[in-house]
Every structure is written in C-alpha cells, then in structure tokens.
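>>> Need coordinates for the following:
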Amino acid sequence: MICSRREFFAGASAFTLGAGRLFAAPPGWKPSKKPDLVLGVISDTHLRTMPTSGRIDAKWSDKYLARALTHFRDENVDAVVHCGDFAHLGQVEEMQAHADAWYRAFPNNRAPAGHEVVKLFVSGNHELRGSTYGGKGMFVRRLYPDPEERSRHVLASDMAGNWERIWGERYELVWHKVVKGFHFFGMQWDVDEKAMADLVDGTTGCEPPRPFFVLRHAYPPRALLARMKKHPNAVGLFGHLHYSIANWRKVFLAGGMPWLQVPSLNAHGYPGLREEDPWLTKLKIEGMEAAGSVRARQGMVIRLYDDMMVVERREFGEGGSLGADWVMPFGKYDPHPFSKESLKKVIGEPQFRAGAKLSVFLDRIDKINKIENAASHNPVNPVDPVQEDSASLRLCVKIPLADGNPDSRVYAYEVVVAGEGRKLHKAVYAAGCNMGVGHEPNGGVTELSIPKAELPPGDALTIAVRPITSLGTRGKSLAAKWHRT
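Reported below is the predicted structural model:
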C-alpha cells in the first residue's frame, strides 16, 4: 500500500490562511521556494490524417501541441502527463507526429537544464479503436483498402511494438513510475480497473504526506473508486470529456478522492457547457459562448511542494491563464479543499468595474444574424429590411467585462428585463469565458439579443445584469433603462 491513513495524516502539515479559511490560498499567492516537482498536463490532442492522403490534416495541426510542449519546456517541467486520445484515427502516423513534436521540444527526452523529462502517457479509445471510426468504407479503410497494408498503419495492429518504436519505452497495460519521489500509476484503455488497483495496493515506498497520482483516459468506474478509498493521498487525472476547465465544476470528489478533469488540447467536438451548469439551466440561455469566440485549447501545469499542490490552468490557442489557481494542501480537511463548498469561498464574486455601463438598443435581426454567423461561416438569410416589424426586431444588450474583482473571473451573466408586472429572465455565457484572461474577444464585451416580441409590457424597461462564476457565486447588478419609442 502506498501510505496508510495514519501515516498520511500524521505526516501532514497544517496549513491555514486568514480567519477560518482552511486552505484558500489567495489567487496571487506565490511560494517562497521552488516546487519539488513540476508537471505539464494535457489530453485529447486528436491529431488526425486526411482520409485522402494520409498526411496530418492542416486543420488539425500539431501547432497547439507544439505550443503546449514549448510552454512546458520553458516552465522546466520534470514530466509531462498525456491522458490519452493522441491519434484521432488510431494511426501510426498520428502517433509519430506527436513524437516528432515531443523530440523537437525535448531532444533525447531532455529539458534545456539537462534533466530527463519523463513521459507519463496513457492511451485512449482513439488509439485502440480510432481506425474503425467513421463507418464502413470511411477514413482508414478508404485510405488503405488492402487489409495487410492497413494493418501497418493502424496502431492497434501491434500497439506494443508501435508504442515502443515510437516512444522508446514499453507499452504496459498498467504501469508505475517514480519522478523525484512522487509516484504515478497509469492505466491504458480497455484494461480491467482491478489491475490498476492491485498495482497500487502492492506498491510501497511513498513518503507521507505526499500524494500519488492515478492516470487514466476516462472518468473512473465505481469499482476503481471503491478500491481507492483506502488511499487518502490519491489524486486522479483523466481526460476524454473535452470540457473546459475554466469551469470550476471540473474538480470532482469521487469516493473522497479528488479527480481533476484534463481538458482537450484540440477543440474538435468541444461540447457546449449547458448541461454542466444546472444553476443556469433554470434560466433561458441564449447560445453557448458569444459568437466569434475562438475555441479554447487548454491544459495544466501542476506544481508540487512539500505541503501543497498548485494547479495552474492554461489556454494554448491565444495564450494566458484561465483564472485563479486551484490549491490543495496536503493533510486532513473537512470539508475537502476541492469540495464545491470550499471552492465557492475561494472563487469569490465577480464585479463590474466602477463606472461600467450597459449599452441597450433596438436592432434588426438580419444585422444580428450577420454578426453571429460571421465566425461560423453559416449562410445568412437576412430579413427584408422593409419588413421591420416586431418579429424582426431584437433588443440588444452589450455587457462590459466584469473584471472589477481580479481575484474572481466572470463565467456568465444573468439578465433580468423588468416591465409592467412581468420579468423576463435570460442568461448568456461571458464572451471568451474559456479563453485566457486578457484574451477575451472584443475586449470581453458580451452581447445578448432578445426578440422584441418576448419583452415584458411597458413603455420603460429596466435591464439588470449580474455577473456569475461557474460555481454560481454572484456579484452586484449593473442596470440600465430602455424606453420604447
């Protein structure tokens, strides 16, 4: 066993900040010494070849992978975690493209400082099954119709041999590595979780109160969670979901064990956020992110100290931090530092700047459509300007970026339009809420358009907007009046 509960808590140092705050290191916290270990963490890169040529698709370029690895190199990481789905179509060429990018960043697996950068990689479903995706006769089957030739290009035809040739290390179904005294356990796709739990249970040598890490591609099954309950110093990392970690709801406590969802570095299939925000679904959400927002490509840098773990969330498309770091001290806490209850105390309340103002005006729907469709390249069917009736008019609300409290980042806005005896409730995600701070499109101005037919009755309407975090903490409202003419 890695560490007994008694050993772990006996060795844990107490860590308190401020009045009654068990762990909440302020966002501006800077340690006084160097970390004991630095990890670069990514997942779901999904490099793919074009079905017609076998070359890496320009639209699925490895430039974001190169940016992430370059950033990790500049941060002098000791190891890099990849939680799977390297190769979108499960091809050798796609995995080789990763290795080419890796060795450009880390020649001979070495950092510029000279130390080895350890590969902490696990496979995902696309490595094992990606060559069969797309239906009969599609993608890899179309590119290589001859089965014998196709097998030479498919990773899963000889996963162990291909992995060892490309990465220079054995492909083990479950593995254990130690990096600067920290223990890491990896589990490949389609492996029985019992094998992982048995490996963890049978391993000794961890010194409390340090955590150890469990890496897998997808969210852990219940059987693994049940087995891991005996290890209070375990921390899990997983990918697969492609959800944004600008959302603080991506910190999970499962079986008392923290699991951090590693986001997708490739924006392919980036899902909407709607189903992840129950506090917003009660309102009527207009769209996902603001039109024209660049899709985020995210990862992490995790720094480990003798008494705490600090998670920095990064965006590798336009660059920048995704907000305040997540901080977890080592020791016994109730509630857990990564519980939603604790995180709400840390995330704070976003606020508008002093003097901020809403812009409210009436406009035609065809103008709005042109703006909203410009980024997505969808065809626009403008309304005949002659038919400028209530069905083609919308009330436009331009919301300035609520960054008046730099320690709390806005994630969405709740909008209430009040008229005579009735209120209309809306919500909209903040423009660029998944992008790095300072890289929001249009200076972070968020636009919401409301059909005129939906507006409450009355000659004078009050529009009130409240900034909200991803955990639902709310700042003060910003209001404006709009008069019908």
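
>>> What are the boundaries of the helices in the stretch 351-485 of the chain?
365-374 (DSSP state H, counting those that start in this stretch).

>>> Can you list the low-confidence ranges for it?
The model of the stretch 351-485 of the chain has pLDDT under 70 over residues 365-391.

>>> Could I get the full set of strands for it?
Secondary structure of the stretch 351-485 of the chain by DSSP state E, counting those that start in this stretch: the strands cover 359-364, 393-399, 412-418, 423-429, 446-451, 460-468, 478-483.

>>> where in the stretch 1-150 of the chain is pLDDT low?
Along the stretch 1-150 of the chain, the model assigns pLDDT under 70 to residues 1-32, 57-61, 135-137.

>>> Mind doing that once more with 90?
1-33, 48-63, 133-143 (pLDDT under 90).

>>> Contact partners for Trp482?
360-361, 395, 460-463 (C-beta atoms under 8 Å, 6 or more residues apart in numbering). (Glycine included, C-beta is placed from N, CA and C.)

>>> Glu94 contacts Phe86, doesn't it?
Yes. Applying C-beta atoms under 8 Å, one finds Glu94 in contact with Phe86, separated by 6.7 Å.

>>> any shared contact partners between those two?
Shared contacts of Glu94 and Phe86 (C-beta under 8 Å, 6+ apart): Leu47.

>>> Okay, helices next: where are they in this protein?
Ranges of helices in the chain, per DSSP state H, are 5-11, 63-74, 92-105, 125-129, 140-143, 147-153, 159-167, 193-201, 222-228, 278-281, 340-347, 365-374.

>>> got a list of contacts for the fourth one?
I take that to be helix 125-129. So helix 125-129 is contacted by 46, 84-90, 95, 133, 155-156, 159, 189-190, 217-218, 240 (C-beta under 8 Å, 6+ apart).

>>> Now which of the residues you listed would you call buried?
Taking 16 or more other C-beta atoms under 10 Å as the criterion, what is buried in the contacts of helix 125-129 is 46, 84-90, 95, 155-156, 159, 189, 217-218, 240.

>>> how far does stretch 98-111 sit from the chain's center?
Mean-position distance between stretch 98-111 and its chain equals 24 Å (C-alpha atoms, centre = their mean, to the nearest Å).

>>> Next: stretch 440-454.
Averaging C-alpha coordinates over stretch 440-454 and over its chain gives two centres that are 24 Å apart (C-alpha atoms, centre = their mean).

>>> which parts of that stretch are buried?
440-441, 444-450, 452.

>>> How about Arg152: what's its closest non-neighbour residue?
Distance criterion C-beta to C-beta, 6 or more residues apart in numbering; nearest residue to Arg152, sequence neighbours excluded, is Val92 at 7.5 Å.

>>> roughly how far apart are the one you found and Trp326?
36 Å (C-beta to C-beta, to the nearest Å).

>>> Quote the end-to-end distance of stretch 316-329.
Start-to-end span of stretch 316-329 (C-alpha to C-alpha, to the nearest Å) is 27 Å.

>>> buried stuff in it?
In stretch 316-329, counting by 16+ other C-beta under 10 Å, buried: 316-317, 320-329.

>>> what's the most distant pair in those?
The two members of those with the most space between them (C-beta to C-beta) are Gly317 and Pro329, at 31.6 Å.

>>> wait, doesn't Phe139 sit right on Pro51?
Yes. With contact defined as C-beta under 8 Å, Phe139 counts as touching Pro51 (4.9 Å).

>>> neighbour count winner among the two?
A side-by-side neighbour count of Phe139 and Pro51, using other C-beta atoms under 10 Å, places Phe139 first with 21 against 15.

>>> if I pick the more buried one, what's in contact with it?
When contacts are counted by C-beta under 8 Å, 6+ apart, Phe139 touches 51, 89, 131, 133.

>>> Turn those residues into TSV, columns for distance to Phe252.
Supplementary listing: the contacts of Phe139 in TSV, determined by distance: C-beta to C-beta, whole Å:
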residue	distance to Phe252
Pro51	36
Leu89	30
Ser131	31
Tyr133	27
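
>>> Out of those, which is nearest to Asp62?
Using C-beta to C-beta, the contacts of Phe139 come closest to Asp62 at Leu89, 14.5 Å.

>>> How many neighbouring residues does the residue lying closest to that closest one once chain neighbours are set aside have?
Once flanking residues are discounted, Leu89 sits nearest to Gly130: 4.7 Å by C-beta to C-beta, 6+ apart. By the measure other C-beta under 10 Å, the count of residues near Gly130 is 25.

>>> quick one: Gly130 from Tyr64, how far?
To Tyr64, Gly130 is 19 Å away according to C-beta to C-beta.

>>> go on, Val262?
As judged by C-beta to C-beta, Val262 and Tyr64 stand 14 Å apart.

>>> Have a look at those two and say which one is more surrounded.
Val262 (28 against 22).

>>> residues contacting Gly168?
Asn109.

>>> how about it, phi and psi?
With angles defined as degrees, to the nearest 10, Gly168 sits at phi 70, psi 20.
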